[in-house]
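J.: pasting the structure only:
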């Protein structure tokens with residue numbers, strides 16, 4: 001080969017290499033402009049993590065996780081060191097597992113063995129992995145929270161330079177290197193064809209079934225979604241609220257439990273909607289199925305009530321704090337009836353924090369009030385986002401012809417004067433027909449909660465212990481604005497624990513009743529445990545004051561830990577009622593609020609909150625057998641000495657959801 005030819009070849013090769021380098025640079029520049037869209041995913045501990053909540057961080061590091069991956073195991077020490085070395089420098093670190101078929105228990109155990117003390121987020125629908133362009137495990141992404149741009153992607157060893165620059169406030173040029181972990185398949189992305197998703201056949205039926213029930217004239221949704229044009233116009237918002245799990249507002253984790261009237265989008269529905277929007281939300285062929293429907297939310301979702309109870313109108317000022325209102329509406333019943341459902345029509349949802357109801361006996365007239373200690377059976381309640389209160393089949397609540405219906409109404413001023421005129425609709429079994437069983441409601445409470453100031457993740461738990469065999473039907477968790485997550489489990493007498501419900505993200509604005517698809521038999525001696533996390537930090541946008549230590553209280557800037565159970569006693573019927581069983585159940589409430597180690601006794605170190613502090617002062621007197629712990633009998637004696645105002649929390653709360 002001649003010199004000229006060799007020179008030409010070298011020039012061509014150099015040109016090709018330069019072109020490839022230029023192409024790589026352009027690719028890198030395009031990558032540098034890649035913005036990570038917001039998302040919210042549950043971690044291995046069933047706590048939801050939202051990416052954009054970390055906007056105050058110096059850097060966010062995301063690690064593509066896959067259990068059993070050899071490269072990930074090899075990189076684990078470097079990843080653990082990265083987490084440890086930057087923990088106090090404003091760097092947040094998360095694993096993201098997008099591989100199909102991952103199991104939470106497997107990931108949780110493996111991450112602990114590898115020393116990876118970071119949240120591992122489960123990307124079940126692969127939407128986050130698709131957007132990031134993950135292809136292999138052990139790939140690390142360094143993200144700038146100021147712009148949400150990816151500034152580095154590649155092996156763990158190369159991440160420190162970008163993290164160092166971000167924590168030092170220096171500009172960072174995008175860099176990329178090939179990841180070396182095992183391949184992660186993304187079947188939907190491999191198929192492509194998002195533009196082939198049919199609006200008429202695939203998208204419109206989902207909107208009709210899961211969105212338009214609220215997003216229609218007269219519904220609670222802020223805008224209608226009743227035509228293609230409306231859906232298309234709001235499609236970026238729809239994609240965002242799905243990726244952050246804000247809509248539909250059914251918070252139960254998809255991997256825990258099965259429920260009646262499940263309003264969640266299925267995994268396939270989630271992917272269909274997001275992929276259709278990412279494909280440009282095309283109109284496609286065919287008529288618009290939504291445009292053919294005359295949408296209008298009904299005045300009463302269960303049909304015309306048998307009885308409508310008019311709750312006294314209440315004027316709500318623009319500012320200030322309102323005490324609970326406790327009016328009684330004298331009975332309008334001419335005869336006793338078995339109730340099977342109630343529902344509420346609220347005229348100003350923004351002003352109503354909650355409404356609770358209960359039957360009261362006695363002679364009442366308009367303008368009278370009654371405290372919760374006078375209530376009998378619960379008739380349900382209303383809370384933000386709450387639907388109707390529907391009893392399981394063949395279960396009822398007796399409403400006598402005398403007395404009346406008492407209410408506990410919590411109104412919240414929001415900047416303008418308004419008058420609330422709530423109506424309660426009551427639905428009964430036909431005359432002459434009675435249900436077989438009595439539906440009962442009891443709450444698990446922890447009125448000793450103490451949530452430290454400026455704390456992003458604080459844990460509390462409580463339990464109640466069933467004295468007799470029961471059938472559990474439904475669960476309703478409740479907290480206030482600092483509530484972050486909630487779960488409910490049962491611990492059987494043999495020690496086995498089963499989780500029934502997990503809300504990785506608790507949202508005060510959407511307080512659902514979760515009725516089990518299959519009612520659960522609860523053996524005598526079973527503990528029902530509820531666990532909450534609270535976010536009392538500046539990262540919680542609903543937090544009234546992160547600098548305040550928060551304890552139990554009625555107002556929404558205070559906090560609650562309250563989970564309501566809907567159940568019946570196995571050997572109870574309407575003809576043979578067992579009210580004493582409820583008293584025995586309620587007697588376990590105080591122990592369950594403070595017994596942190598679940599041993600059925602209270603050590604002095606377990607006493608907290610105002611009540612616990614008071615008991616601790618007299619611990620030696622209360623501990624009559626001097627064994628260093630308070631047993632149930634000693635605790636009952638101690639409760640008799642408690643100030644009435646602390647006992648009232650226990651007395652007034654086990655009624656109905658929405659406190």
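T.: That came in fine, so what should we check first? All figures in this text were calculated on a predicted structure; none of them were measured in a lab.
J.: Surely residue 302 touches residue 345?
T.: No. Counting by Cβ atoms under 8 Å, residue 302 stays clear of residue 345, with 11.3 Å between them. C-betas here are computed from N, CA, C, even on glycine.
J.: which strand residues sit across from the closest residue to residue 553 other than its chain neighbours in the sheet?
T.: Once flanking residues are discounted, residue 553 sits nearest to residue 559: 6.8 Å by Cβ to Cβ, 6 or more residues apart in numbering. Residue 559 has these beta-bridge partners by DSSP bridges: residue 552.
J.: residue contacts, residue 42?
T.: Counting by Cβ atoms under 8 Å, 6 or more residues apart in numbering, residue 42 touches 48-49, 121-122, 253, 502, 504-505.
J.: Please report phi then psi for it.
T.: phi -80, psi 140 (degrees, to the nearest 10).
J.: Next one: it from residue 486, what distance?
T.: Remark: distance between residue 42 and residue 486 (Cβ to Cβ, to the nearest Å) = 12 Å.
J.: what do you get for residue 463?
T.: From residue 463 to residue 486 the distance is 14 Å (Cβ to Cβ).
J.: Now the common contact residues for these two.
T.: Joint contacts of residue 463 and residue 486 (Cβ under 8 Å, 6+ apart) are residue 530.
J.: ok so, going back, any shared contact partners between residue 42 and residue 486?
T.: Common neighbours of residue 42 and residue 486 (Cβ under 8 Å, 6+ apart) are residue 502.
J.: Distance across stretch 514-531, terminal residue to terminal residue?
T.: Length of stretch 514-531, first residue to last, Cα to Cα, to the nearest Å: 16 Å.
J.: Can you flag which of the contacts of residue 42 belong to strands?
T.: Among these, the residues falling in strands (DSSP state E) are 48-49, 121-122, 502.
J.: for stretch 613-621, which positions count as buried?
T.: Within stretch 613-621, the residues scored as buried using 16 or more other Cβ atoms under 10 Å are 615-616, 619.
J.: Distance from the chain centre to it, please.
T.: 36 Å (Cα atoms, centre = their mean, to the nearest Å).
J.: Repeat that for stretch 130-147.
T.: The chain centroid and the centroid of stretch 130-147 are separated by 26 Å under Cα atoms, centre = their mean.
J.: now stretch 215-227
T.: In terms of Cα atoms, centre = their mean, the centre of stretch 215-227 is set 23 Å apart from its chain centre.
J.: And for stretch 94-102?
T.: 21 Å.
J.: Looking at it now, give me its mean pLDDT.
T.: Mean per-residue pLDDT for stretch 94-102: 97.
J.: what does that stretch rub up against?
T.: Outside stretch 94-102, the residues within contact range by Cβ under 8 Å, 6+ apart are 41, 43, 49, 60-67, 107, 111, 116, 118-123, 126, 128-130, 132, 134, 137, 184-187.
J.: Phi first, then psi, for residue 163.
T.: Dihedral angles (degrees, to the nearest 10) for residue 163: phi -60, psi -40.
J.: Can you report how many residues neighbour the nearest residue to it once chain neighbours are set aside?
T.: Setting aside the residues directly before and after it, residue 163 is nearest to residue 59 in space (Cβ to Cβ, 6+ apart), at 5.1 Å. Using other Cβ atoms under 10 Å, residue 59 has 26 other residues around it.
J.: shouldn't residue 59 be in contact with residue 91?
T.: Yes. Here residue 59 reaches residue 91: they are 4.8 Å apart, a contact under Cβ under 8 Å.
J.: so residue 78, which of the three states?
T.: helix (DSSP: H, G, I helix; E, B strand; the rest coil).
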